[in-house]
Every structure is written in structure tokens, then in C-alpha cells.
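[1] show me the folded form of this:
(chains A and B)
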Amino acid sequence: MVTASPHRPDGRPAPARQATLGESLRRNGVSRRGFLKFCAATASMMALPPSMAPAIAAALESARRPSVIWLSFQECTGCTESLTRSFSPTVENLILDTISLDYHHTLQAAAGDAAEHAREAAMHANAGEYLVVVDGSLPGPGANPGYSTIAGISNYDMLMETVADAAAVIAVGSCAAFGGLPKASPNPSGAVAVQDLVKDKPVINVSGCPPLPMVITGVLAQYLTFGKLPELDQYNRPLAFFGQSIHDRCYRRPFYDKGLFAETFDDEGAKKGWCLYRLGCKGPMTYNACATMKWNGGTSWPVEAGAPCLGCSEPDFWDAGGFYDALSVPPGNSGDMLLAAGAAGVAVGAGVGLLARSQAKGAAKQHQTVTAEELEQKL
Amino acid sequence: MTAVEFLMLTKGPLFQAALAVFALGVLVRLVEILALGRAHNYAAPRGSAALGGLRTMYKRFEPDPGTFKAAPFDVVVGMVWHIGFIVALLLFIPHVELIKSTFGIAWPALPNPVVDAITAITILGLLAALVHRLAHPVKRFLSTPEDYLIWGVTFLVMITGYLAYHRLINPYPLALGIHILAAEIFLVVLPFTKLTHMFTAFVARYYNGATFGRKGVQS
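    Numbers count the residues shown, from 1 in each chain, chains lettered A, B, ... in the order given. Sure, this is the predicted structure:
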């Protein structure tokens, strides 16, 4: 076990010697076997070969508790609920207990100035090494900062100040990742996502409303194991979890392929567990791990419970049409527009037709006849 | 622009615009034809014009034996891909849902694998039709740029739909957006090209049939 040196190369005092993850897990009663099982599951989840499991175990065991500052902005606390309540003690839960969550204004005991001091102290002691987790969107630099403040500090100022010395930022939940509900049309608070503001640090988006807890712990585990961030997709989401669509991994997929659909929530099809496409399932366009990892410790997930996927891990899903309209249905009402365009078409068509008719009549009227004798005379 | 933004653009404003151009254009052309009217026929009718017209509207679906003998490829392949196109358009479940939401009417649909097979046949039929058009000297001579344009927009709709259904373009919102965009191009091009035959073919058939029906002869 490496012991922390009293001073860092730059002269700043090192943080006090802290227990490693391995020590902490053992103290919390997690068996070696349970821990290795978690490492193997993490390896397979991240699409790594099984031979990586011991490497993950070794890295996690010797990892120091990383300092994590959790900023909650325009959010509903659902992400925190998802993370803290969905498991009764499991290895994942203990992993989270074992990170040093230095600031989280929902979970921490301190309040007011003391809470803000904890954040500043953590930033100072772990400069350049701490992780910032953000849940919730925040009013953009052009918006009224008064829409959301903490301790009198605007969300924007707090984010920029906290991120300045961070190693990386993890945007947890669709609000932090993409703006989410606050950014939904008409976006009264001028909400933006973390990645719209943080350009000079790696930003990992763990989207979902809320995201799967295992995805958050998986990203943290990967960071602790390899010291680097996971491979990301076009929305900066970890590919290991967001690489496949709900539709491709859905256990109801065979019914889609056979053309068997529930048409209402209580018809025969619904009772037989047929595909929910016609009830608005956004599974075909949604990339998340719900279908494989499920919720509440692998108990079930929305589609298994008979509810169509809302597409909550995709950007702007609030504005992507009705939750219970099929994916092929356009948002909004095109009926009035269609009527107006049709009426205009009828009017223009009738106008052009009648004009042609009157021109033909006029031509017939002006038509001059000539007799053979008249033609003879002209010759 | 992200894939989802692209999908929402094609599903939202672009779809509305394409639908408006389609409805306006088709109705202008149809109403113009109907508003032209016809000179009054003073001869005593020997049969029913309406019956003759309706009969011919249906009768023209049956291939004429002479034409079949002269150009069997055109009759068979033409019929196959036309039927395939209409089945894919009107009897695929996502399309039925779209029509229900836009026009408020719905009908039963076919299972996905059936539509999938028909789509594949239609795509092959369209390709065969293009090859034949290029290889046949008379057909090639008669073909105008417009013929290739409408082949292109039709083929594009079919192939992008096939790719989207089989999820061969990633991410899926991009695949679906491309297919919807192809359908919108089809809708916009339709009123201004030969594609209006979708509607005018029936007007022409009725007119022919009604003329002969009035005279009491077959058409």
C-alpha cells in the first residue's frame, strides 16, 4: 500500500491518509468473492474481456477515495433518489459510500456557509484531481441568474468556479446532460446543459430521467481503474452503456418483428406482453441500458411493466412529440395547416381553370370565319 | 446538428412544409383539370357515362393482352413494384399510425415481416426497371431527365425505409430522419412531375370510360 507523502511536488500539503476502497469495502463487510463478482460484472458491462476483472479489482482495491463535488442545479433530486434509494446495501452502494462525497447539498449534514466552505476546502485540497458531478441544468450566461442560486451564488458562477480545477465533469441525468425539462420549450429560465458551458474539461454525460445507478457507478469504477474516462458516443455518453438501443435489446422485440402490437393499454395484446410501438414506445430511437440492466436491482423496467419507453436518455425528449404517440407520428397538429393548404389549392386550381375557360370562350368569340370566295379574291 | 435534432427537424417543420406543398400542389392540378369543364354533348346518350367511367377506372388495372405480349417485362415488373410501393406506403404499421394522426383515418396493417419482404421485392423491381430503361434502346431514347428524377425520388424513399427498418444506419434517429426527408422530397416533387399520375391516372381513365360509356361501346 502506498502511503501519501506529506507534501506534493508543488509544495501544497497532501490530503490526510485515507482508507483505500479495498480497506473500506472490507470494513463494510463486503466479501472478497462479492467484490470480485462486482468487478467481473463491471468488466462485462464495459465490454472488456473477462481477463480485465482482476485488473479492475486490483485497481479498485488500491484506489484512494476520489473527492467528488456534487452540484445540484435546476433538478428534481430524482437522480440522487435513483442513486441512493434503488439498492439496499450492495457493492455498488458501498463503492459510492467509499468515494469522498465532499459536497452534495441534499445529502450532506452541513448547511449554509459551512456547506459552501466544505466545497471550497475540497476544491483547494484536491485541485486538479477531484470529480465534479452535476445534476440539473442551469440558466445560461445570457439568462437571468436569479432563476436558480445556491447560497446567493448563481449556478453559472458556481459551476465555472468549481470546474476550473476539476479533473473531469460527469453530467448526471438528462437535465445536466442535455438541458432536460427546464430546457423544454419555451425554456423560460434560459436553461442550458453542462456541456454547453464547460469546453476545456472532459464532460461525460450520463443521461436518463433518472439515469441507471449502475451506469454512474460504472463510470466511476472505470475512472478509478484506468485513471481515464470511458469511450463516449456522439453525445459524450459512455458507449459501454449507451451503445445499443432499447429496441435492439428489448425482450418484446420478437413481437415487433412478428407484427404483434398492443393497441391500447388493456387489450389482449397488452395482456400478452406484445410490442408497445403503437402505444408510443420510443425504444427504437433510445440508447440506454435499461433493457439489459433493468431497475431496482434488476427487478423490472418500464417496458416490462407495460409502459412504453419515453426516450428519456435522448436529447430534448420532452419536445419530441407525445409520449403515447407512435414514433412515426409528427409532433404538433398538422390538420389545420393541411386544411388551409388544401383550401388554397382548391382556390388557385379553380381560378386557373376558370381563367383558361374564359380565355377559350374569348378566343371562340373573336374567331373570324372566312369563306372560300373571300380566299379566292385575296389570291 | 445532432441526430435527434435532425429527426425532429424532418418530423416537425419540414414535414409540415412538405405536406403543405403536396396538398396545395395536388389540389391546384386536380381542380384546374376539373374546372376546365367539357363542351356540352348534344347527342342522345346510348349508355351511362358514369358507369362506363367507373368500369374503365377498374378495367385498366387488368393488363391488356396485346401489351403483355409486346412488353411482358414492363407489365410484370411495373405491376409488381407499383403494388409493392402502395402496400409499403399504406399497410406498414408506422405509416398507418402517421396517417391516423394526420388525417384521422386508420385501417388494419400487415405484419412487419410481410411488408419487409414486399419492400425488398419492390426495391429489386425498381432496380430492374432502371436497368431495363437504360439497356433498352427505345426506352432510353424516350426517357427524359424527369423520368430519372421520379425514379430517383421513388427509389430513395424505398431504400431509406428499408435501411431504417433494418437499422443499417446508426444512430437510428439519423436513419429515420433520412427516410422521412426522402418521403418529404417525394411529396414536394410529386405535384410538379409525372408523379401526379397517382391521381390524374384515375381522372383520365374515368374520362375515357365515360366518353365510350355514353356512346354505349366498350373501352
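[2] where does the stretch 151-300 of chain A dip in pLDDT?
    The stretch 151-300 of chain A contains no residues with pLDDT under 70.
[3] what does it put close to chain B?
    Proximity of the stretch 151-300 of chain A to chain B, by CB under 8 Å from any CB of the partner chain, involves residues A:234-235, A:245, A:247-248, A:256-261, A:277-278, A:284-285, A:287. C-beta coordinates here come from the backbone N, C-alpha and C atoms, glycine included.
[4] again, only using 7 Å
    A:234-235, A:245, A:256-259, A:261, A:277-278, A:284-285, A:287 (CB under 7 Å from any CB of the partner chain).
[5] list just the nearest of those residues to chain B.
    When those are compared for distance to chain B (CB to the nearest CB), residue A:259 wins out at 2.7 Å.
[6] quick check: the gap between the residue located most distally from the centre of chain B and residue B:16.
    In terms of distance from the mean C-alpha position of chain B, residue B:44 ranks first, at 37.7 Å (CA atoms, centre = their mean). Per CB to CB, to the nearest Å, residue B:44 is found 51 Å from residue B:16.
[7] could you do residue A:305 as well?
    From residue A:305 to residue B:16 the distance is 35 Å (CB to CB).
[8] which of those two has more neighbours?
    Taking other CB atoms under 10 Å in any protein chain shown, residue A:305 and residue B:16 do not tie; residue B:16 has more neighbours (19 against 9).
[9] pLDDT score assigned to the closest residue to residue A:73 other than its chain neighbours?
    Using CB to CB, 6 or more residues apart in numbering or on different chains and skipping the chain neighbours, the partner closest in space to residue A:73 is residue A:136 (3.5 Å). pLDDT, residue A:136: 94.
[10] and the residue nearest in space to the middle of chain B, what helix or strand is that in?
    What sits nearest the mean C-alpha location of chain B, by CA atoms, centre = their mean, is residue B:198, with 4.9 Å. Under the criterion of DSSP states H and E, residue B:198 resides in helix B:197-215.
[11] neighbours around the closest residue to residue B:198 other than its chain neighbours, how many?
    Leaving aside its sequence neighbours, residue B:198 sits nearest to residue B:190 (CB to CB, 6+ apart; 7.1 Å). Here the number of neighbours of residue B:190 (other CB under 10 Å) works out to 23.
[12] I'd like the distance between residue B:190 and residue B:207.
    Taking CB to CB, one finds residue B:190 at 21 Å from residue B:207.
[13] related to what we said a few turns ago, just say helix, strand or coil for the residue nearest to residue B:198.
    Three-state call for residue B:190 (DSSP: H, G, I helix; E, B strand; the rest coil): helix.
[14] please report how far it lies from residue B:147.
    Plainly put, residue B:190 is 15 Å away from residue B:147 if you go by CB to CB.
[15] whatever residue of the stretch 51-200 of chain A ends up closest to chain B: what's it in contact with?
    Here the residue of the stretch 51-200 of chain A nearest chain B is residue A:178; by CB to the nearest CB that distance is 9.0 Å. For residue A:178, the contacting residues are A:193, A:207, A:315, A:316, by CB atoms under 7 Å, 6 or more residues apart in numbering or on different chains.
[16] enumerate the residues of chain B near chain A.
    Contact residues (CB under 7 Å from any CB) of chain B with chain A: B:2, B:4, B:8, B:11-12, B:15-16, B:19-20, B:23-32, B:34-37, B:93-95, B:97-98, B:101-102, B:111-113, B:171-173, B:176.
[17] pLDDT below threshold where in chain B?
    For chain B, no range has pLDDT under 70.
[18] mind listing the helices for it?
    B:3-11, B:13-36, B:49-59, B:65-70, B:72-91, B:93-103, B:112-135, B:137-142, B:145-165, B:172-189, B:197-215 (DSSP state H).
[19] tell me which of these lies nearest to residue A:71.
    Closest of these to residue A:71 is helix B:3-11, at 25.5 Å (criterion: CB to CB).
[20] what's the angle from the closest one to helix B:93-103?
    50 degrees (axes from the mean of the first three to the mean of the last three CA atoms, to 10 degrees).
[21] okay, the angle between helix B:3-11 and helix B:172-189?
    Using the same axes, to 10 degrees: helix B:3-11 against helix B:172-189 is 20 degrees.
[22] buried residues in helix B:3-11?
    B:3, B:4, B:6, B:7, B:8, B:10, B:11 (16 or more other CB atoms under 10 Å in any protein chain shown).
[23] for it, packing partners?
    On a contact count with 3 or more CB pairs under 7 Å, 6 or more residues apart in numbering or on different chains; DSSP states H and E, helix B:3-11 meets helix B:172-189.
[24] picking up where we left off before, ramachandran angles for the residue farthest from the centre of chain B?
    Geometry field for residue B:44 lists phi and psi as phi -70, psi 130, criterion degrees, to the nearest 10.
[25] packing partners for the longest helix seen in chain A?
    Looking across chain A with DSSP H, the single longest helix is helix A:335-366. If you count contacts as 3+ CB pairs under 7 Å, 6+ apart, helix A:335-366 packs onto helix B:13-36.
[26] would you mark the buried spots in the helix it packs on?
    Counting neighbours by 16+ other CB under 10 Å, one finds that the buried residues in helix B:13-36 are B:14-16, B:18-33, B:35.
[27] now do stretch A:179-190
    Neighbour-count burial for stretch A:179-190, with 16+ other CB under 10 Å as criterion, is recorded at A:179, A:180, A:181, A:182, A:183, A:184, A:187, A:189, A:190.
[28] so which residues make contact with that stretch?
    For stretch A:179-190, contacts defined as CB under 7 Å, 6+ apart pick out A:74, A:137, A:139-140, A:142-143, A:147, A:173-175, A:191-193, A:209, A:318-319.
[29] with just CA atoms, put it into PDB.
    C-alpha atoms of stretch A:179-190 as PDB (Å, rounded to 0.1, in the frame of the first residue of the first chain):
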ATOM      1  CA  GLY A 179     -31.000  20.600 -20.600                       C
ATOM      2  CA  GLY A 180     -33.900  18.300 -19.900                       C
ATOM      3  CA  LEU A 181     -37.200  19.500 -18.600                       C
ATOM      4  CA  PRO A 182     -36.100  23.100 -17.700                       C
ATOM      5  CA  LYS A 183     -34.900  23.500 -21.300                       C
ATOM      6  CA  ALA A 184     -38.100  22.100 -22.800                       C
ATOM      7  CA  SER A 185     -40.000  24.600 -25.000                       C
ATOM      8  CA  PRO A 186     -40.400  27.500 -24.200                       C
ATOM      9  CA  ASN A 187     -37.400  27.300 -21.800                       C
ATOM     10  CA  PRO A 188     -38.400  30.200 -19.500                       C
ATOM     11  CA  SER A 189     -35.200  30.100 -17.500                       C
ATOM     12  CA  GLY A 190     -32.900  30.100 -20.400                       C
END
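[30] ramachandran coordinates for residue A:238?
    Here is the backbone geometry of residue A:238 (degrees, to the nearest 10): phi -60, psi 120.
[31] how close does it sit to residue A:111?
    Distance of residue A:238 to residue A:111, given as CB to CB: 33 Å.
[32] ok, now residue A:195?
    Taken as CB to CB, the span from residue A:195 to residue A:111 is 30 Å.
[33] quick one: which of these two has more around it?
    residue A:195 (18 against 10).
[34] so what's the closest residue to that one other than its chain neighbours up against?
    Nearest non-adjacent residue to residue A:195, counting by CB to CB, 6+ apart: residue A:203, 4.6 Å away. Listed by CB under 7 Å, 6+ apart, the contact set of residue A:203 reads A:169, A:171, A:194, A:195, A:236.
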